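S.K.: Sequence and predicted structure, then a few things I'm wondering about:
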Amino acid sequence: TGNHWGYGKEDGPSVWHRNYPVAQGDRQSPIDVVPHQASHDPSLGPIVLNYDQCTSIKIANNGHSVVVEFEDSDDRSVIRGGPLDNPYRLKQFHFHWGGKGCHGSEHTVAGNSYASELHLVHWNAVKYKTFGEAATAPDGLAVLGIFLETGDDHRWLHMITDALFTVKFKGSVADFKGFNPKCLLPSSLHYWTYLGSLTTPPLHESVIWIVVKEPITVSEKQLGKLRMLLFTGEEEDQRTRMENNFRPPQLLKGRKVRSSN
Ligand SMILES: NS(=O)(=O)c1ccc2oc(NC(=O)c3ccccc3)nc2c1
Ligand SMILES: [Zn+2]
């Protein structure tokens with residue numbers, strides 16, 4: 001019905017263009033990053049995250065991913081520096097992942113994908129009044145992408161995976177206070193950056209992408225807990241596991257990818 005979309009055969013990325021023609025636009029995301037084709041830009045400063053007064057509010061299953069939302073009525077949690085001309089306010093973070101053992105990141109690096117990808121979504125509250133307004137502006141959003149590879153348990157990810165049972169079904173929401181996503185970042189914030197889009201409908205071409213080079217390590221067991229989430233609501237008789245909720249890489253269409261040092 002209407003603008004329903006998903007990741008299946010009938011409603012997945014290959015048919016999103018029917019309801020969202022921008023899917024075939026000139027600055028779509030994700031992309032395959034080819035490291036030695038990225039241009040090193042010495043003018044690109046470090047990314048600075050001021051998440052110290054960070055306030056998570058709730059965790060939700062929106063039928064496409066699990067999302068942790070933040071209080072964004074002031075500049076208490078912002079990202080600045082790097083390619084950004086203004087501070088951008090943290091709005092939410094969420095994940096994309098694959099099926100058992102197979103890959104699930106959205107961005108790929110020289111054709112290689114990771115098990116999962118974390119997106120920290122920020123908006124330009126200096127230039128725009130609301131997230132919605134920023135989400136349709138060419139410099140409205142900044143998304144920090146972090147790759148997840150499998151290995152040992154991540155010491156802090158359990159804070160999220162332990163809460164997933166509270167949001168098993170599409171449409172469920174639960175309190176999730178006091179979580180600071182700074183604990184999910186790798187030690188180095190060296191990055192690639194390029195101009196792109198939201199990777200799910202409405203696919204707005206409003207994102208300054210900052211893809212961090214160093215992945216974090218999480219265990220297969222922790223990733224497996226993401227897969228116990230459902231795409232479907234409690235009232236539906238269909239029980240569809242939430243997995244492979246990633247869009248494949250899109251054409252670069254002449255865009256430049258820059259690399260911090
Ligand atoms: N995979 S993505 O490109 O990071 C991506 C894709 C689609 C998105 O839609 C929203 N909307 C809100 O966060 C929102 C939160 C509160 C109110 C309105 C909108 N964020 C997105 C991030
Ligand atoms: Zn995302």
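M.R.: Right, received. Where do you want to start? Residues are numbered from 1 along each chain as shown. Ligands and ions are numbered 1, 2, ... in the order given.
S.K.: Could you look up the SS state of Ile208?
M.R.: strand (DSSP: H, G, I helix; E, B strand; the rest coil).
S.K.: For Asp153, give me its contacts.
M.R.: Taking CB atoms under 8 Å, 6 or more residues apart in numbering, we find Asp153 in contact with Val218, Ser219, Lys221, Gln222. C-beta here means a position set from N, CA and C on the backbone, and glycine is covered the same way.
S.K.: Revised request: answer the last question for Gly104.
M.R.: Gly104 makes contact with His96, Trp97, Gly98, Ser113, Tyr114, Ala115, Ser116, Glu117, Glu243, Asn244, Asn245, Phe246, according to CB under 8 Å, 6+ apart.
S.K.: need the residues you listed in JSON lines with neighbour count and secondary structure, can you?
M.R.: Formatted as JSON lines, these follow (neighbours: other CB atoms under 10 Å; DSSP: H, G, I helix; E, B strand; the rest coil):
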{"residue": "His96", "neighbour count": "26", "secondary structure": "strand"}
{"residue": "Trp97", "neighbour count": "28", "secondary structure": "strand"}
{"residue": "Gly98", "neighbour count": "20", "secondary structure": "coil"}
{"residue": "Ser113", "neighbour count": "21", "secondary structure": "coil"}
{"residue": "Tyr114", "neighbour count": "22", "secondary structure": "coil"}
{"residue": "Ala115", "neighbour count": "22", "secondary structure": "coil"}
{"residue": "Ser116", "neighbour count": "26", "secondary structure": "strand"}
{"residue": "Glu117", "neighbour count": "25", "secondary structure": "strand"}
{"residue": "Glu243", "neighbour count": "20", "secondary structure": "coil"}
{"residue": "Asn244", "neighbour count": "16", "secondary structure": "coil"}
{"residue": "Asn245", "neighbour count": "25", "secondary structure": "coil"}
{"residue": "Phe246", "neighbour count": "25", "secondary structure": "coil"}
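S.K.: close to ligand 1, is stretch 199-211?
M.R.: Yes - using CB under 6 Å from any ligand atom, stretch 199-211 comes into contact with ligand 1 via Thr199, Thr200.
S.K.: Please compute how far that stretch lies from its chain's middle.
M.R.: In terms of CA atoms, centre = their mean, to the nearest Å, the centre of stretch 199-211 is found 9 Å from the chain centre.
S.K.: swap in stretch 81-94?
M.R.: On CA atoms, centre = their mean, the centre of stretch 81-94 falls 13 Å from that of its chain.
S.K.: Mind jotting down where the helices sit in this structure?
M.R.: 16-19, 131-134, 158-161, 220-226 (DSSP state H).
S.K.: Could you export these as JSON lines, including mean neighbour count?
M.R.: Output for the helices of the chain, formatted as JSON lines (neighbours: other CB atoms under 10 Å):
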{"stretch": "helix 16-19", "mean neighbour count": "15"}
{"stretch": "helix 131-134", "mean neighbour count": "17"}
{"stretch": "helix 158-161", "mean neighbour count": "18"}
{"stretch": "helix 220-226", "mean neighbour count": "18"}
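S.K.: among those helices, which is nearest Lys256?
M.R.: Between Lys256 and the helices of the chain, the tightest spacing by CB to CB is seen for helix 131-134, at 23.1 Å.
S.K.: Might you enumerate the residues of this structure proximal to ligand 1?
M.R.: Contact residues (CB under 6 Å from any ligand atom) of the chain with ligand 1: Lys91, Gln92, His119, Val121, Phe131, Gly132, Val143, Leu198, Thr199, Thr200.
S.K.: ok, of those, which come out buried?
M.R.: By neighbour count, with 16 or more other CB atoms under 10 Å, the residues of the chain next to ligand 1 hold Lys91, Gln92, His119, Val121, Phe131, Val143, Leu198, Thr199, Thr200 as buried.
S.K.: Save those residues as a markdown table, and put in pLDDT too.
M.R.: Listed next are those as a markdown table, based on pLDDT from 0 to 100:
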| residue | pLDDT |
| --- | --- |
| Lys91 | 98 |
| Gln92 | 98 |
| His119 | 99 |
| Val121 | 98 |
| Phe131 | 98 |
| Val143 | 99 |
| Leu198 | 99 |
| Thr199 | 99 |
| Thr200 | 98 |
